[in-house]
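Asks: Sequence first, then the predicted structure:
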Amino acid sequence: MTIQNRVGALSNISLEMRAWNIRRKALRMGEVQGQGYIGQAFGVADVLATSYFHALEYRPEDPEWEGRDRFLLSIGHYAIALYAALMEAGILPEDEIDTYGMDDSRMPMSGMASYTPGMEITGGSLGQGLGIAVGMALGLKRKKTPAYVYNLMSDGELGEGSTWEAVMSATQWKLDNLICIVDFNNQQADGPSRDALAVGAEAPKWQAFGWHAQEVDGNDLSALTAAFDVARSLSDAKPRVIICHTKMCKGVDFLEARESNHFIRVETDEWAKALAVLEEGKPL
């Protein structure tokens, strides 16, 4: 069955189509610069589609609406993926797509809150997003605002001490309005995440720190929607984490097959080839 977005009564655009659109927009932006974190954008497109078209409460015409759910991009270099999602959501105009990474653009190559509507924090040094999310969630809770804070972070950030300090703080303050999303693609600049630092048994680790943890296939929209629904419906006073195992360059097979695709090199003639492959897989 085709999964519908959170306003299914008002739209017949499926989550599959939303995710495909996000990938296509990211590919177009990457072609503008001839480079970009396309592998991450393609891998996390299903997570972003589920976030913006199934889970999040927001008003496209008013990105600073006080009642909105906050979506924090801890991994600033994933900005190309979030810009694509913000365009798909109607928060950013699609006619700015060719300005990506240009001087005076509202879409710099690394996410900056001061430039971009819908960009809640400035990314950069990894391991900072969850700490900011804890502060936001605590502030909203003290104001008795029912909004959620979502924090998208990478598996590489699990090696940062500041991340685990934030994890413990969230438990201490019983932040049941905080949902952390970990993009676990097992890729870092120097190679596989598992070779960089000891990782494994991720859900039990978070559970040991007092979080409600789920581990899912991050490219399975049915699994993602179910996990997001569970995270929002829990009644226990715990923060929540969804660990999403994603595939880099998902949807373009010849890029998926490359051994190293953290900052993947796409040759000049391959942009059109990648678009053609993506078009072949367009949802019906």
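Replies: Yes, it's here. Please read these numbers as outputs of a predicted model, since none were measured by experiment. Numbering: from 1, shown residues only.
Asks: In what element of secondary structure is Val241 found?
Replies: Using DSSP states H and E, Val241 maps to strand 240-245.
Asks: for that strand, the distance to its chain's centre please.
Replies: 11 Å (C-alpha atoms, centre = their mean, to the nearest Å).
Asks: other SSEs contacting it?
Replies: If contacts are counted by 3 or more C-beta pairs under 8 Å, 6 or more residues apart in numbering; DSSP states H and E, strand 240-245 sits against strand 178-184, helix 202-208, strand 212-217, helix 221-233. C-beta here means a position set from N, CA and C on the backbone, and glycine is covered the same way.
Asks: Dump that strand to CSV, restricted to CA.
Replies: The C-alpha coordinates for strand 240-245 follow below in CSV (Å, rounded to 0.1, in the frame of the first residue of the first chain):
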residue,chain,number,x,y,z
ARG,A,240,13.5,8.7,22.4
VAL,A,241,16.0,7.7,19.7
ILE,A,242,15.4,6.1,16.3
ILE,A,243,18.6,4.6,14.9
CYS,A,244,18.2,4.5,11.1
HIS,A,245,20.4,2.2,9.1
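Asks: quick revisit: can you redo the helices and strands packed on strand 240-245 as TSV with mean pLDDT, distance to Ser110 and mean neighbour count?
Replies: Shown next, in TSV, are the helices and strands packed on strand 240-245 (pLDDT from 0 to 100; distance: least, C-beta to C-beta, whole Å; neighbours: other C-beta atoms under 10 Å):
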stretch	mean pLDDT	distance to Ser110	mean neighbour count
strand 178-184	97	16	27
helix 202-208	94	26	16
strand 212-217	98	27	19
helix 221-233	98	26	18
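Asks: Which one of those lies nearest to Asp104?
Replies: Among the helices and strands packed on strand 240-245, the nearest to Asp104 by C-beta to C-beta is strand 178-184 (29.7 Å).
Asks: which residues sit against that closest one?
Replies: Outside strand 178-184, the residues within contact range by C-beta atoms under 8 Å, 6 or more residues apart in numbering are 40, 43-44, 47, 51, 75, 78, 130, 133-134, 137, 148-155, 157-158, 170, 193, 202, 211, 218, 228, 231-232, 239-246.
Asks: same deal with stretch 248-260?
Replies: 20, 23, 38-40, 42-43, 45-46, 185, 187, 191, 219, 247, 261-262, 264, 266, 270, 273-274, 277-278, 281.
Asks: repeat that for 6 Å
Replies: Stretch 248-260 is touched from outside by Arg23, Gly39, Phe42, Gly43, Asn185, Gln187, Asn219, Asn261, Ala274, Val277, Leu278, Gly281, with contacts defined as C-beta atoms under 6 Å, 6 or more residues apart in numbering.
Asks: Same question for stretch 147-156.
Replies: Contacts of stretch 147-156 (C-beta under 6 Å, 6+ apart): 69-75, 129-130, 133, 136-137, 140, 177-184, 188, 193.
Asks: And it, end to end?
Replies: Stretch 147-156 has an end-to-end distance of 27 Å (C-alpha to C-alpha, to the nearest Å).
Asks: Can you find the helix or strand in this protein with the smallest mean pLDDT?
Replies: helix 193-196 (a mean of 67; mean pLDDT, DSSP states H and E).
Asks: Now for Ala89: which residues touch it?
Replies: Tyr52, Pro60.
Asks: okay, it: pLDDT?
Replies: Looking at Ala89, its pLDDT reads 97.
Asks: coming back round to it: as CSV, the helices and strands packed on strand 240-245 with distance to Glu165 would be great.
Replies: Conversion of the helices and strands packed on strand 240-245 to CSV gives the following (distance: least, C-beta to C-beta, whole Å):
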stretch, distance to Glu165
strand 178-184, 14
helix 202-208, 14
strand 212-217, 18
helix 221-233, 22
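Asks: hmm, back to that, what's the PyMOL line that selects buried ones from the contacts of stretch 248-260?
Replies: Buried residues within the contacts of stretch 248-260, by 16 or more other C-beta atoms under 10 Å, are selected in PyMOL with:
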select buried, resi 23+39+42+43+185+187+219+261+274+277+278
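Asks: Name the SS class of the residue lying closest to Gly281 once chain neighbours are set aside, please.
Replies: By the measure of C-beta to C-beta, 6 or more residues apart in numbering, the closest residue to Gly281 outside its immediate chain neighbours is Gly251, 5.9 Å from it. Per DSSP: H, G, I helix; E, B strand; the rest coil, the secondary structure class of Gly251 is coil.
Asks: quick one, phi psi at Gly251?
Replies: phi 110, psi -10 (degrees, to the nearest 10).
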